[in-house]
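*Asks:* fold the stuff below for me.
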Amino acid sequence: MANGDLSRLLPRLRGLAALTQEELAERSGVSVDVIRQLEQGRKHSARLPTLHALANGLGVELTTLLGDPPAVSSTGEDDGPRFVAVRRAVMPVLGGPAPQPPGPGFSPDRLRERIAKGWTQYHSAEFDTVMKALPDLIADARSAAASGDEGERGAGFAALGKALQLAGHVAVRMGKTDLALISLERATDAAGRSSDPLLPAMTANSMAWTYQRQGRLEDALSVALRAADDLAGAGRTDSADGLKVWGGLTMSAATSAARSGDYERAAAMMETAEKEAVRVAELPDGGDSRMVSVFSPSSVRIERVRLAVQYGHPQDALALAKGMRLSKDTPPSWRTWLLLDVARAHTDIGDAAGAVKTLESLRRVAPTWMRHHTLAVAIVRDLWALPDHPPGLRPLAEFLGVSA
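*Replies:* Model (predicted):
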């Protein structure tokens, strides 16, 4: 199994970054000869340390160079019927009929519960299930936002904002960031007309994450910082939900700063976030945690582990992860990233057995996420290339299709 099409990707990403091969070599520490071989197709794949160095030099996420997730088809605009239905829901046909107010049997609480369930399924990597539900969720939310009652209309726009935000997240996971931005722009508009004062900041966080995926780090940083400052300035961080949203934005900003090379600023942000995360448990419970940003001492530590691995400090990452006790509301998606980063740290220090043990844990707790993540495939591929396979590697390789 090869990495993403590096002969196509590398020249395009270099062009976007306005770098020559020699300049990329200097910024990444990867030799010009290796870069030339990858771009000319004479070398079809590279190991994780090389890809990570190139990603840092280009200012993109490692996953950009790893290609689409195993479950995602790289078919451009030629999507299957389910994704076409999501596109149509996000972008209704121009000149089409206006949404009609809901009928007498409509329940705002039931709609909110359906959207919250969609977020739970998203965090469990049940993307097909979420895509199947999204068109009806968005349509019903548009209908609720057309209500003649002002209070119901505000709640309807809140539901529409969360449904479109969910569509944006799914689009990112499917590798379609342009569709994600369209969905999130419309979610932002709905959030501004909603009865939820935290929703604009939550959609801003999703927008910042999508900009990160596109390598637009300055945009991502400014969006996250502005939204976090607005929340704090409005006194919203005195509630548990408000503090969670602020924390998610602060961690997002830290990631953008780190990827831009400003590690000291990123570390300072994460230290502030870790101190503030303790306050979440001390504040009154805000209600449905499925509908707000993930922020707790556990999530901050997971982000710190991720940054340590990504920027060449695997021993620090393992020390941070050792003995971690995750809070009960840590979603499977976050548990997955932690275990992947720990596995990657083990490979970086040459501990193949430790990496396999960690990946075995990941397969037990989040097999669907493991199959979705290109990083899991890349780690197993690197381990499979070793002359001596550690015990337990073959079942993992077969599970991910690496040994075929």
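
*Asks:* give the contact list for the closest residue in space to His123 that isn't next to it in sequence.
*Replies:* Closest residue to His123 apart from its sequence neighbours, by C-beta to C-beta, 6 or more residues apart in numbering: Pro331 at 3.7 Å. To be clear about C-beta, it is placed using only N, CA and C from the backbone, and glycine gets the same treatment. Listed by C-beta atoms under 8 Å, 6 or more residues apart in numbering, the contact partners of Pro331 are 123-124, 294.

*Asks:* now Pro331: phi and psi?
*Replies:* In terms of degrees, to the nearest 10, the main-chain angles of Pro331 are phi -70, psi 160.

*Asks:* same question for the one 5 residues further on.
*Replies:* Listed backbone geometry of Thr336 is phi -60, psi -50, with angles given as degrees, to the nearest 10.

*Asks:* let me know the pLDDT of it.
*Replies:* pLDDT for Thr336: 89.

*Asks:* show me the contacts for the closest residue to it other than its chain neighbours.
*Replies:* Among residues not flanking Thr336 along the chain, Trp369 sits closest, at 4.0 Å (C-beta to C-beta, 6+ apart). By C-beta under 8 Å, 6+ apart, the contact set of Trp369 is 124-125, 332-333, 336, 362.

*Asks:* please repeat the previous calculation with a cut-off of 7 Å.
*Replies:* Residues in contact with Trp369 (C-beta atoms under 7 Å, 6 or more residues apart in numbering) are 125, 332-333, 336.

*Asks:* tell me which helix or strand it sits in.
*Replies:* Element membership of Trp369 [criterion: DSSP states H and E] is helix 367-372.

*Asks:* what residues sit buried inside that helix?
*Replies:* By neighbour count on 16 or more other C-beta atoms under 10 Å, the buried set for helix 367-372 is 369-372.

*Asks:* tell me the domain boundaries of this structure?
*Replies:* As given by automatic domain parsing, the domain ranges for the chain are 1-67, 79-196.

*Asks:* the shortest one: how far from the chain's middle?
*Replies:* Averaging C-alpha positions (C-alpha atoms, centre = their mean, to the nearest Å) puts domain 1-67 22 Å from its chain's average.

*Asks:* what ranges do the helices span in the stretch 101-250 of the chain?
*Replies:* 108-123, 127-145, 150-173, 177-192, 199-213, 217-233, 240-259 (DSSP state H, counting those that start in this stretch).
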